[in-house]
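Asker: give me the fold of what follows.
(one chain, ligands or ions: 2)
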Amino acid sequence: MDDSNSFVVVANRLPVDMTVHPDGSYSISPSPGGLVTGLSPVLEQHRGCWVGWPGTVDVAPEPFRTDTGVLLHPVVLTASDYEGFYEGFSNATLWPLFHDLIVTPVYNTDWWHAFREVNLKFAEAVSQVAAHGATVWVQDYQLLLVPGILRQMRPDLKIGFFLHIPFPSPDLFRQLPWREEIVRGMLGADLVGFHLVQNAENFLALTQQVAGTAGSHVGQPDTLQVSGEALVREISAHVETADGRRVSVGAFPISIDVEMFGEASKSAVLDLLKTLDEPETVFLGVDRLDYTKGILQRLLAFEELLESGALEADRAVLLQVATPSRERIDHYRVSRSQVEEAVGRINGRFGRMGRPVVHYLHRSLSKNDLQVLYTAADVMLVTPFKDGMNLVAKEFVANHRDGTGALVLSEFAGAATELTGAYLCNPFDVESIKRQMVAAVHDLKHNPESAATRMKTNSEQVYTHDVNVWASSFLDCLAQSGENS
Ligand code: ADP
Ligand code: G6P
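Answerer: Residues are numbered from 1 along each chain as shown. Ligands and ions are numbered 1, 2, ... in the order given. From the prediction side, this is the model:
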């Protein structure tokens, strides 16, 4: 068996998205989202194996190695898996529930069955490729049941689980009709990791509550014992399971490969600024087009600042790049049409011929192009209602190591616990976004030393806690976990 098979990552997404052409050939493009951004450099370094879905329906290519040395094992999803497991249970049940009900989750038993079946399919695929005694790192909310299934199939494996999105308070999680089975699935791992201490505490509190529930299916009542407290990058919290296993729980804030987000080429940045007609202030938003990201709210804040004269249309522009995401799901469609309507309205009100005030792209850009935008931007707007971490904020900060620029950041993004030099806003309150946009612009103009100190505090944090720190702290704790109590 290949050496790659002693370190296996399993995620719903492979790092590449495949398109099948009529002649049966495939083309590939990078797949969207922060999970792929975070894990790709880790897998390249370990020359590991990645089991996941290639973005196609009903077909998948044979396993192959990427240019960067990662062995990919595609898992086939059928059209009905795609609807029930991916669009349904993962993204219309778990995603809104775990993001604190920004929209109402749908509880549908058929979707739940699809979720169980597809989790079984992923576990079987891992079981086939993982070497004896391999380390398997299971990723994210789409695969919550995989640790438990895999533990039964392959007791020889060391199993870690990491959640890339928030973990909600027990009061919200308990809405889930299938809550016991999901907790039991997660507890199949030797180590369960979250971004934030708060997420880990929510999980520990939930475990305690579910354990105390009469008739619980998670072992017998009172057979789960919780001890210790959730810490960052080290383990003191444990859950003892009915079968005598000790599951470790901790917080491991994800980060980025800082090497990839240094400053962009000066000439490309100057060209862009010229194209934009040399504005005094460039605001920037970069997101997947997701209703959790607060894109509409930041557009409204920009519009109201233009309306009141706090910003001048001749001097400020907003660039908004939105990657298409989960486009068939209702709330995503609504969110897109609200964003696009607002862009049209704001340009209609405040733009001139050849000089829009909002430049909007609904597509993915290359890392190089993103870097040019980050470098050209004065104020980055990251305003999610709720976000596990938000790597865009960290990418912008890494790009402004020289202390230029300012970051307006939602207090409900995981990154807010680390980027203490950001201008923190409450995205539910447009006045708060406006205040922090104005404060950032004011400091850049009139108080540049204070603005630079803030940005350097942010970039110092990211440079000293990059993605290698995230992965190695998780994997070190995983190596030490799992001893019997
Ligand atoms: P999420 O994982 O919810 O999408 P993150 O901010 O954590 O949010 O991660 C998003 C990742 O996707 C970042 O690495 C960012 O650079 C990338 N990204 C976002 N929008 C685009 C885009 N339009 N083109 C290319 N990459 C993008
Ligand atoms: C977030 C999730 C990832 C997901 C990504 C893109 O980052 O945590 O698990 O892969 O969004 O979403 P998609 O549905 O396109 O995979």
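
Asker: where does Leu319 land in three-state SS?
Answerer: Classification of Leu319 using DSSP: H, G, I helix; E, B strand; the rest coil returns strand.

Asker: wait, it sits on Thr281?
Answerer: No - using C-beta atoms under 8 Å, Leu319 is not in contact with Thr281; the gap is 11.3 Å. C-betas here are computed from N, CA, C, even on glycine.

Asker: if I look at the closest residue to Trp112 other than its chain neighbours, how far off is ligand 2?
Answerer: Excluding the flanking residues, the one nearest Trp112 by C-beta to C-beta, 6 or more residues apart in numbering is Trp178, at 5.5 Å. For Trp178, the distance to ligand 2 (C-beta to the nearest ligand atom, to the nearest Å) stands at 20 Å.

Asker: need phi/psi at Trp178.
Answerer: In terms of degrees, to the nearest 10, the main-chain angles of Trp178 are phi -110, psi 30.

Asker: that one: how many residues sit nearby?
Answerer: 18 (other C-beta atoms under 10 Å).

Asker: ok, Arg328 next?
Answerer: 10.

Asker: tell me who's in contact with it.
Answerer: Arg328 makes contacts with Glu87, as judged by C-beta atoms under 8 Å, 6 or more residues apart in numbering.

Asker: so where does it fall, helix or strand?
Answerer: Using DSSP states H and E, Arg328 falls within no helix or strand.

Asker: what do you get for the one 10 residues further on?
Answerer: For Gln338, the host element (DSSP H and E) is helix 330-350.

Asker: quick one: list the elements packing against the helix or strand following that helix.
Answerer: Per DSSP H and E, the first helix or strand lying C-terminal to helix 330-350 is strand 358-361. When contacts are defined as 3 or more C-beta pairs under 8 Å, 6 or more residues apart in numbering; DSSP states H and E, strand 358-361 sits against strand 316-323, helix 330-350.

Asker: got the ones you listed as a markdown table, with mean pLDDT, mean neighbour count and distance to Asp140 columns?
Answerer: A markdown table is the format used below for the helices and strands packed on strand 358-361 (pLDDT from 0 to 100; neighbours: other C-beta atoms under 10 Å; distance: least, C-beta to C-beta, whole Å):
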| stretch | mean pLDDT | mean neighbour count | distance to Asp140 |
| --- | --- | --- | --- |
| strand 316-323 | 98 | 22 | 17 |
| helix 330-350 | 98 | 16 | 18 |
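
Asker: can you lay out the ones you listed as TSV showing distance to ligand 2?
Answerer: Formatted as TSV, the helices and strands packed on strand 358-361 follow (distance: least, C-beta to the nearest ligand atom, whole Å):
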stretch	distance to ligand 2
strand 316-323	8
helix 330-350	10
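
Asker: tell me the residue of the stretch 351-485 of the chain that sits nearest ligand 2?
Answerer: Gly388 (6.5 Å; C-beta to the nearest ligand atom).

Asker: quick one: contacts for the closest residue in space to that residue that isn't next to it in sequence?
Answerer: Spatial nearest neighbour of Gly388, excluding adjacent residues (C-beta to C-beta, 6+ apart): Ile165 at 4.3 Å. For Ile165, the contacting residues are 95, 98-99, 140-141, 388, by C-beta under 8 Å, 6+ apart.

Asker: next: Leu191.
Answerer: Counting by C-beta under 8 Å, 6+ apart, the residues that Leu191 touches are 160-161, 235, 247-250, 474, 477-478, 481-482.

Asker: would you agree Val75 is in contact with Lys121?
Answerer: Yes - counting by C-beta under 8 Å, Lys121 is a contact partner of Val75 at 6.3 Å.

Asker: what segments of the stretch 101-250 of the chain are helices?
Answerer: 109-129, 146-153, 170-173, 179-186, 197-211 (DSSP state H, counting those that start in this stretch).

Asker: can I get those in JSON lines with distance to ligand 1 and mean pLDDT?
Answerer: Formatted as JSON lines, these follow (distance: least, C-beta to the nearest ligand atom, whole Å; pLDDT from 0 to 100):
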{"stretch": "helix 109-129", "distance to ligand 1": "20", "mean pLDDT": "98"}
{"stretch": "helix 146-153", "distance to ligand 1": "20", "mean pLDDT": "98"}
{"stretch": "helix 170-173", "distance to ligand 1": "19", "mean pLDDT": "96"}
{"stretch": "helix 179-186", "distance to ligand 1": "20", "mean pLDDT": "96"}
{"stretch": "helix 197-211", "distance to ligand 1": "15", "mean pLDDT": "92"}
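
Asker: including distance to Arg315, could the ones you listed go into TSV?
Answerer: What follows is these, written out as TSV (distance: least, C-beta to C-beta, whole Å):
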stretch	distance to Arg315
helix 109-129	49
helix 146-153	52
helix 170-173	43
helix 179-186	51
helix 197-211	40
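
Asker: please dump the ones you listed into CSV; it should also carry mean neighbour count for every row.
Answerer: Below are those laid out as CSV (neighbours: other C-beta atoms under 10 Å):
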stretch, mean neighbour count
helix 109-129, 19
helix 146-153, 22
helix 170-173, 16
helix 179-186, 21
helix 197-211, 20
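
Asker: Val441: neighbour count?
Answerer: Val441 has 24 neighbours, counted by other C-beta under 10 Å.

Asker: ok, it to Lys293 distance?
Answerer: 22 Å (C-beta to C-beta, to the nearest Å).

Asker: and this protein, what are its domains?
Answerer: Annotated domains of the chain cover 3-253+467-478, 264-463 [the TED database].

Asker: by mean pLDDT, show me the worst of those.
Answerer: Among the domains of the chain, domain 3-253+467-478 carries the lowest mean pLDDT, a mean of 93.

Asker: check contacts around the closest residue to ligand 1 within the chain.
Answerer: Residue of the chain nearest ligand 1, by C-beta to the nearest ligand atom: Gly34 (2.5 Å). Gly34 is in contact with 164, 254, 388-391, counting by C-beta under 8 Å, 6+ apart.

Asker: among those residues, find me the one that's closest to Arg345.
Answerer: The nearest member of the contacts of Gly34 to Arg345, counting by C-beta to C-beta, is Asn390 at 26.8 Å.

Asker: ok, the closest one - how many residues close by?
Answerer: Asn390 sits with 24 neighbouring residues when counted by other C-beta under 10 Å.

Asker: the spatially closest residue to Ser325 that is not a sequence neighbour: what's it in contact with?
Answerer: Excluding its sequence neighbours, the residue lying closest to Ser325 (C-beta to C-beta, 6+ apart) is Arg288, at 4.1 Å. Listed by C-beta under 8 Å, 6+ apart, the contact partners of Arg288 are 32-33, 322-323, 325.

Asker: many thanks, we can stop here.
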